[in-house]
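K.L.:
Below are the sequence and a predicted model; questions follow.
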Amino acid sequence: MNTLFDKIWDSHIVDRIEDGPQQIYIDRLYCHEVTSPQAFEGLRARGIKCFRPERIFCMPDHNTPTHDQDKPVQDPVSRKQLETLDANVREFGLTYFGMMDPRNGIIHVVGPEQGLSLPGMTIVCGDSHTSTHGAVGAIAFGIGTSEVEMVMASQCILQSKPKSMRIKVEGKLGKGVTAKDLALYIMKQISTSGATGYFVEYAGSAVRSLTMEGRLTLCNLSIEMGARGGFVAPDETTFAYLKGRPYSPKGDDWDKAVEYWKSLRSDDDAVFDKEIVFDAADIKPMITYGTNPGMGVEVSGRVPALESIPEQGRESFCKSLDYMDFHPGDAMIGKKVDYVFLGACTNGRIEDFRAFASIAAGRHKAENVVAWLVPGSWAVMEQIKDEGLDKVLEAAGFEIRQPGCSACLAMNDDKVPAGKYCVSTSNRNFEGRQGQGARTLLASPLTAAAAAVTGCVTDPRDLL
Amino acid sequence: MKQKFNIIESTCVPLKVENVDTDQIIPARFLKATTKDEKYFGDMLFRDWRFDAEDKPKPDFVLNRPEFSAFPAEGVHQILVAGKNFGNGSSREHAAWALAGYGFRVVISSFFADIHKNNELNNFVLPVVVPEDFLQELFDTIEADSEARVRVDVPSQRVTNLTTGRQESFELNAYKKYCLMNALDDIDYLLENQDKIIAYENKR
């Protein structure tokens, strides 16, 4: 009667502290340049090394420019942070996928793609979107820098066990409705704190029928529901995706691994602390109008009326609309768009580029739109070229940039100017997230493509 | 910074906004530092709410209002009172460093995001979860009197609005309480526990 979460978590308990947290063993620690320097600094101050360096994988992604990566990084502060990771990796003897390494990319795209993130593992990284790796059937969650240092020092972390929630989505997603829309829909229903304190297992026929890319998108957005992480039990889709990846087990080890992975499912009589069921037929293409990812509506819908917001939340609601320069009751369709961003750990995978290209094909980028198309990794870039999607996109007036986190959080030069609107496939529409004063509308790659070719918010179903 | 906790009695700074995400607590462009300089992060706390694009203070933001603008000191403005779902979004610990660097010792809210809550605790800033009506009453109290004081008693795990006398208990597990009261962190604990880690690895 155990949940899959219980099974994986419990098998990683090293020790229990009475009336305190549990000590959990960590199989993989991923590090990027932003949240690791102070952890390395901490190790040096304590005079210790990494306890299990072979379990730690590092790569820069947040500061990396999306052009001319073979040349020195222009911004001296970004460059210093990148050089610091480079130096730390050498000092502590860790595996490193540096800039221009064909394995480099956004850490949450690279982990599954290299077969580093595997079913049944515990995976952490100083990054809230570590929840992404749950898509392979692992327990993966974001941590702070003190906790990164903790894992470097001991390969363990002290955590109180979260409660478990199951979100089931039954039925078939409609035409033009993607995993991104599904996630935005769930957030709208349960809010950005609806799953705080929980780990989420996604289940139901609509989730089962998602591709790995779709599952990665859904699990990526678990944190935006407040959950530490979310996962999908591994199945044939998972095994087919992982087979032959560079770090996946090979030969006999593969067969043994698959046999074990098949046991990774919640028991039929498992009891969850909370269970929610949604009907896939209720879900339409979604877009956000406000400054948190829970502030979403159907693309064909309107900004909610003030009266529909609970009284205590109205001040924050108005502050949000003020920032966006939107008004209650505004229709979303037809809203002018200045920028379009395709990419991020949420939607920077091959399927996202295929979706975008399916709408761009035979059409042309709108004059008023600046579009940034940023693959999640060099491997994604290679596949884009193999499939000829680059030609389709170029013919439609789009240019493909080099991989990295890019305009998702604008730590590099890809910043949306103040007051401008960006339809973005990333994960956060917080104030200033894509640049000081930038206004973000979160949506799927299809909706982003529809905006890019029409120059305004458009229902992608009209273009399919 | 490791600091011992016992009883804190202080005036408060009210931030009556819900869903304050860590991008607001400290925007991403200030995450490029490679050392843990709390003074630097403290200066950038709520940067885009506190200052405009020309670095001029925005007069309406609470930290710039004359009655709340004094930096925290013993008994003064050591407690931040914030709307529900504080610290959601990015896992950046820089947000906790900024709160600590500015001088806050305690954040009171009706709800915290998980990662940020841990980050606060790991930096000796105490997140105190109170019922929604306690929070609303506290906002009213501070609105009526900016000198109103709150007492946060870590040993007995009680928080008191000293104006109204209303008292609530708050959650803190015994282990973390011991760490906070003795200025110890989790790494100190784990380093002493290495035998158990090796035993676990051998058993797998």
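P.N.:
Now that the structure is in, tell me what you want to look at.

K.L.:
Could you pull up the contacting residues of the residue in chain B positioned nearest to chain A?
P.N.:
Nearest residue of chain B to chain A, counting by CB to the nearest CB: B:Y175, 2.7 Å away. All C-beta atoms are positioned from the backbone trio N, CA, C, and that covers glycine. Counting by CB atoms under 8 Å, 6 or more residues apart in numbering or on different chains, B:Y175 makes contact with A:17-21.

K.L.:
Report the separation between it and A:Q22.
P.N.:
Relative to A:Q22, B:Y175 is positioned 10 Å away (CB to CB, to the nearest Å).

K.L.:
Likewise for A:Y185?
P.N.:
In terms of CB to CB, A:Y185 sits 33 Å off from A:Q22.

K.L.:
more crowded one of these two?
P.N.:
The neighbour count for A:Y185 versus A:Q22, taken as other CB atoms under 10 Å in any protein chain shown, is higher for A:Y185 (21 against 18).

K.L.:
longest single helix anywhere in the chain?
P.N.:
Here I'm looking at chain A. Ranked by residue count, the top helix of chain A under DSSP state H comes out as helix A:76-92.

K.L.:
not quite, I wanted chain B
P.N.:
Chain B, longest helix under DSSP H: helix B:132-144.

K.L.:
contacting residues around that helix?
P.N.:
Contacts of helix B:132-144 (CB under 8 Å, 6+ apart): A:312, B:12, B:14, B:16, B:81, B:83-84, B:108-110, B:130, B:148, B:150, B:159, B:161, B:163-164, B:166, B:168.

K.L.:
give me that answer again for 7 Å
P.N.:
Residues outside helix B:132-144 that contact it (CB atoms under 7 Å, 6 or more residues apart in numbering or on different chains) are B:12, B:14, B:16, B:81, B:84, B:108-110, B:148, B:161, B:163-164, B:166, B:168.

K.L.:
Also stretch B:195-203?
P.N.:
Residues contacting stretch B:195-203 (CB under 7 Å, 6+ apart): A:14-15, A:25, A:154-156.

K.L.:
Got the confidence number for the closest residue to B:C12 other than its chain neighbours?
P.N.:
Closest residue in space to B:C12, ignoring its immediate chain neighbours: B:I79 at 4.4 Å, by CB to CB, 6 or more residues apart in numbering or on different chains. With respect to pLDDT, B:I79 scores 98.

K.L.:
So what sits opposite B:I79 in the bridge?
P.N.:
When bridges are called by DSSP bridges, B:I79 pairs up with B:C12, B:V106.

K.L.:
where's the spatially closest residue to A:L218 that is not a sequence neighbour relative to chain B, distance?
P.N.:
Nearest residue to A:L218, sequence neighbours excluded (CB to CB, 6+ apart): A:A179, at 4.7 Å. As judged by CB to the nearest CB, to the nearest Å, A:A179 and chain B stand 20 Å apart.

K.L.:
Give me the contact list for the helix or strand of chain B with the lowest mean pLDDT.
P.N.:
Least confident element among the helices and strands of chain B, by mean pLDDT, DSSP states H and E: helix B:186-191 (a mean of 91). With CB under 7 Å, 6+ apart as the test, helix B:186-191 has contacts from A:149-150, A:153-154, A:156, A:158, B:122.

K.L.:
just stretch A:277-286 next, same as before
P.N.:
Contacts for stretch A:277-286 (CB under 7 Å, 6+ apart): A:168-174, A:176-177, A:181-182, A:184-186, A:206, A:296-300, A:443-444, A:446-447, A:459-461.

K.L.:
Go back to those residues and keep what's next to chain B.
P.N.:
Here nothing survives when the contacts of stretch A:277-286 are matched to chain B using CB under 7 Å from any CB of the partner chain.

K.L.:
just the buried members of these?
P.N.:
Among the contacts of stretch A:277-286, those classed as buried by 16 or more other CB atoms under 10 Å in any protein chain shown are A:168-169, A:173, A:176-177, A:181-182, A:184-186, A:206, A:296-300, A:443-444, A:446-447, A:459-461.

K.L.:
Show only the entries of those found in helices.
P.N.:
A:181-182, A:184-186, A:206, A:446-447.

K.L.:
List just the nearest of these to A:G251.
P.N.:
Nearest to A:G251 among these is A:A206, at 35.0 Å by CB to CB.

K.L.:
Identify the residues contacting that closest one.
P.N.:
Applying CB under 7 Å, 6+ apart to A:A206 gives the contacts A:169-173, A:280.

K.L.:
tell me, what residue is most central in chain B?
P.N.:
Centroid-nearest residue in chain B, with CA atoms, centre = their mean: B:V107, separated by 3.7 Å.

K.L.:
any idea of the mean pLDDT for the longest helix of chain B?
P.N.:
In this model, helix B:132-144 has an average pLDDT of 97.

K.L.:
Give the buried residues for that helix.
P.N.:
For helix B:132-144, using 16+ other CB under 10 Å, the buried residues are B:134-135, B:137-139, B:141-142.

K.L.:
Next: stretch A:324-331.
P.N.:
Applying a neighbour-count criterion of 16+ other CB under 10 Å, one finds A:324, A:326, A:328, A:330 buried in stretch A:324-331.

K.L.:
Tell me the secondary structure of the residue lying closest to B:N122 once chain neighbours are set aside, please.
P.N.:
Nearest non-adjacent residue to B:N122, counting by CB to CB, 6+ apart: A:S146, 3.8 Å away. Recorded secondary structure, A:S146: helix (DSSP: H, G, I helix; E, B strand; the rest coil).

K.L.:
cool, A:F199 as well?
P.N.:
strand.

K.L.:
can you count the residues close to A:Q436?
P.N.:
A:Q436: 19 neighbours (other CB under 10 Å).

K.L.:
got the contact list for it?
P.N.:
Applying CB under 7 Å, 6+ apart, the residues near A:Q436 are A:418, B:48, B:53.

K.L.:
what sits against the first one?
P.N.:
The one in question is A:A418. A:A418 neighbours (CB under 7 Å, 6+ apart): A:436-438.

K.L.:
is it possible to export those residues to TSV including pLDDT and secondary structure?
P.N.:
Shown next, in TSV, are the contacts of A:A418 (pLDDT from 0 to 100; DSSP: H, G, I helix; E, B strand; the rest coil):
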residue	pLDDT	secondary structure
A:Q436	96	coil
A:G437	97	coil
A:A438	98	coil
